[in-house]
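Undergrad: Would you be able to build a 3D model of this:
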Amino acid sequence: MNGVIPNQHISGMIKNGAITASPAVIPEQIQPASLDLRLGTVAYRVRASFLAGAGNTVAERLNEFQMHQVNLTEGAVLEKGCVYVVPLMESLNLPKDVTAVANAKSSTGRLDLLTRTITDSGTEFDRVAPGYTGPLYAEICPRSFSVLVRPGMRLNQIRFGRGDAVLDDAALRDLHGITPLVDGEAVIDEGLGFSVDLRLPGTTLVGYRAKPHTGVIDLDNIGHYSPADFWEEVHSDNGQIILDPGAFYILVSREAVTIPPDYAAEMAPFLAMVGEFRVHYAGFFDPGFGYADAGGAGSRGVLEVRCHEAPFVLEHGQVVGRLVYERMAEPPTQLYGADLASNYQGQGLKLSKHFKSP
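TA: Residues are numbered from 1 along each chain as shown. Presented below is the predicted three-dimensional model:
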């Protein structure tokens, strides 16, 4: 059946060898509609980001671009502003009718830790060709903070599917009529529109901006760091803020979003002509996100925003992104926030799990 492959079938793909790993995949990696990928034991510092390109392997291109190797076994720092390629513990041997899409995990995106998957013969980041057989690599570029990483850490995830399961706007409107996908009016245009909330109730705090000069973040430290050491608070009393070029912001959507159990979603950047900024790092929304029966009623989307060349005025209610919904091949046997421990179910404006709650 066409659609996004759920957790129970991901387990089957591991058993039949379509997904292999050394060491073996652990149960905690399997999410309702995706598989977490683990860092291997070495990172290659490279001169520049690259794609393998048709007919080339990543290993061959590493010989061309690598500067030095970093042993991750005892933990190592990946420095802000540098680009690294890390072989992952997982490899694929996909059936010819199965394709895959990768993305950064939520906590990775909220640290402005640009993490993308590359493959042999790959001509796009985060896209795996149907029937791909070969290794997987993570390209990692810390944009705001240097980070301490170790083998086995899970910075990105991969979602498998068959056929085209994307809901067109008519199907999305029908679904919204059955199960409301947002708590207000649904803006549906090539997906479900996402707008920014710059008038949070009872506070002028509307977001956070990454500080330019900070210490290292150990990605194993949960609830450990003081937000004030790494972030500046962003306040607004008039429903607007000015984004500074090159700065990274954590904001929140005005809409509370629901992903019903039979569906998965991916955040896509909004049309480039709306402004000088980008909203998109951690793009997967699992079945059950924001779903009341999974304990998530009122879950907002956290927006990871980077401004480009010119200062830009962002205003309350401005549409900044869209959610593209896809059908599941069948409902997963576990839901986000109900059957799995989750740091972000029922969330509002929230930094990554590494920071203490304000």
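Undergrad: so where's the chain shaky on pLDDT?
TA: 269-282, 292-298, 336-347 (pLDDT under 70).
Undergrad: And the helices in it?
TA: Ranges of helices in the chain, per DSSP state H, are 7-15, 58-65, 106-110, 169-178.
Undergrad: so Thr204 makes contact with His235?
TA: Yes: look at Thr204 against His235 with CB atoms under 8 Å: they come within range, at 4.3 Å. Using the backbone N, CA and C atoms, a C-beta is placed for each residue, glycine as well.
Undergrad: before we move on, back to that, would JSON lines of the helices of the chain with mean neighbour count be doable?
TA: Output for these, formatted as JSON lines (neighbours: other CB atoms under 10 Å):
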{"stretch": "helix 7-15", "mean neighbour count": "17"}
{"stretch": "helix 58-65", "mean neighbour count": "15"}
{"stretch": "helix 106-110", "mean neighbour count": "23"}
{"stretch": "helix 169-178", "mean neighbour count": "14"}
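Undergrad: Can you redo these as TSV, where the extra columns are distance to Tyr325?
TA: Below are the helices of the chain laid out as TSV (distance: least, CB to CB, whole Å):
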stretch	distance to Tyr325
helix 7-15	18
helix 58-65	32
helix 106-110	18
helix 169-178	6
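Undergrad: With respect to Ser357, which of these lies nearest?
TA: Judged by CB to CB, the one of the helices of the chain that comes nearest to Ser357 is helix 106-110, at 14.1 Å.
Undergrad: list the helices and strands the closest one packs on?
TA: strand 300-307 (3 or more CB pairs under 8 Å, 6 or more residues apart in numbering; DSSP states H and E).
Undergrad: which neighbours does the strand it packs on have in its sheet, and in what orientation?
TA: With DSSP bridges as the test, strand 300-307 is paired with strand 248-256 (antiparallel), strand 277-279 (antiparallel).
Undergrad: looking at those strands, which is closest to Gln334?
TA: Nearest of these to Gln334, taken as CB to CB: strand 248-256 at 22.1 Å.
Undergrad: which residues in the stretch 151-300 of the chain form strands?
TA: Under the criterion DSSP state E, counting those that start in this stretch, the stretch 151-300 of the chain contains strands at 154-162, 192-195, 205-210, 217-218, 231-235, 240-243, 248-256, 263-269, 277-279, 284-285, 300-307.
Undergrad: can you put those in JSON lines and add distance to Val85?
TA: Listed next are the strands of the stretch 151-300 of the chain as JSON lines, based on distance: least, CB to CB, whole Å:
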{"stretch": "strand 154-162", "distance to Val85": "13"}
{"stretch": "strand 192-195", "distance to Val85": "31"}
{"stretch": "strand 205-210", "distance to Val85": "24"}
{"stretch": "strand 217-218", "distance to Val85": "20"}
{"stretch": "strand 231-235", "distance to Val85": "28"}
{"stretch": "strand 240-243", "distance to Val85": "30"}
{"stretch": "strand 248-256", "distance to Val85": "22"}
{"stretch": "strand 263-269", "distance to Val85": "24"}
{"stretch": "strand 277-279", "distance to Val85": "22"}
{"stretch": "strand 284-285", "distance to Val85": "22"}
{"stretch": "strand 300-307", "distance to Val85": "22"}
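Undergrad: ok, so what distance separates the spatially closest residue to Pro130 that is not a sequence neighbour from His213?
TA: Counting by CB to CB, 6 or more residues apart in numbering, Pro130 lies nearest to Thr99, which is 4.6 Å off, once chain neighbours are set aside. Note on Thr99: its distance to His213, by CB to CB, to the nearest Å, is 42 Å.
Undergrad: now swap in Ser106 and tell me
TA: Distance from Ser106 to His213, by CB to CB: 25 Å.
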